[in-house]
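K.L.:
Build me a structure from this.
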Amino acid sequence: MAFPTTIRLPDEFRSEGIETGPRPYAYVATRRVDLHGESLREGDGLLLRGRTLLAVQNRLNAVAVLRLNASGTEGRVVRRVSDRRFDVPATVAASGGRLHLPNARFDTPPTWYNAVAHPRP
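P.N.:
Numbers count the residues shown, from 1 in each chain. Presented below is the predicted three-dimensional model:
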């Protein structure tokens, strides 16, 4: 099976797979979320903490902070976070009170790669 792939499941759920090598595979279940016309263009990594969804917008050098309804079917952008140290952030992880975002640096000549630690919104 080639990845990424989408398999239709009931209730608007999708199972998306990411190939992490010859074996094993990582699978993530997702649900369609109505953003009420908001765009998450240049979307990359996602992090869900309770009803707060963080969406990395890589080439925009921003993280959209969304608040989801109780069922997770609707969300609204409540703010966007940026940092002068972002250089096309690729994904996001949280530890303690901080977000950690590795920079893909697509627009920077090859050098050392880095990650930005930013206070959690």
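K.L.:
Tell me where this protein is predicted with low confidence.
P.N.:
The chain contains residues with pLDDT under 70 at 1-30, 107-108, 110-111.
K.L.:
Show me the domain layout of it.
P.N.:
1-32, 33-119 (automatic domain parsing).
K.L.:
just those: most buried one?
P.N.:
domain 33-119 (a mean of 15; mean count of other Cβ atoms under 10 Å). Where C-beta positions appear, they are placed from N, C-alpha and C, glycine not excepted.
K.L.:
end-to-end on it?
P.N.:
26 Å (Cα to Cα, to the nearest Å).
K.L.:
If I follow the layout properly, residue 68 ends up in contact with residue 35?
P.N.:
No - look at residue 68 against residue 35 with Cβ atoms under 8 Å: they stay out of range, at 10.2 Å.
K.L.:
Report the set of residues contacting both of those two.
P.N.:
74, 75 (Cβ atoms under 8 Å, 6 or more residues apart in numbering).
K.L.:
Strands of this protein, residue ranges please.
P.N.:
6-8, 13-19, 25-31, 43-49, 52-57, 62-68, 75-82, 93-95, 98-102, 115-119 (DSSP state E).
K.L.:
Name the residues that touch stretch 78-95?
P.N.:
44-47, 49, 54, 56-59, 61-67, 99-108, 116, 118, 120-121.
K.L.:
if you set the cut-off to 10 Å instead, what comes out?
P.N.:
42, 44-47, 49, 52, 54-67, 99-108, 113-121 (Cβ atoms under 10 Å, 6 or more residues apart in numbering).
K.L.:
Repeat that for stretch 42-50.
P.N.:
Residues outside stretch 42-50 that contact it (Cβ under 10 Å, 6+ apart): 28, 30, 40, 53-64, 66-68, 72, 88-94, 99, 101-102, 104, 120.
K.L.:
For that stretch, list the C-alpha coordinates in CSV.
P.N.:
Listed next in CSV are the C-alpha coordinates belonging to stretch 42-50 (Å, rounded to 0.1, in the frame of the first residue of the first chain):
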residue,chain,number,x,y,z
GLU,A,42,0.4,25.6,4.1
GLY,A,43,-0.7,23.2,6.8
ASP,A,44,1.8,20.7,8.1
GLY,A,45,2.0,19.2,11.6
LEU,A,46,-0.9,19.0,14.0
LEU,A,47,-1.1,18.7,17.8
LEU,A,48,-4.3,18.1,19.7
ARG,A,49,-4.4,18.9,23.4
GLY,A,50,-7.9,18.6,24.8
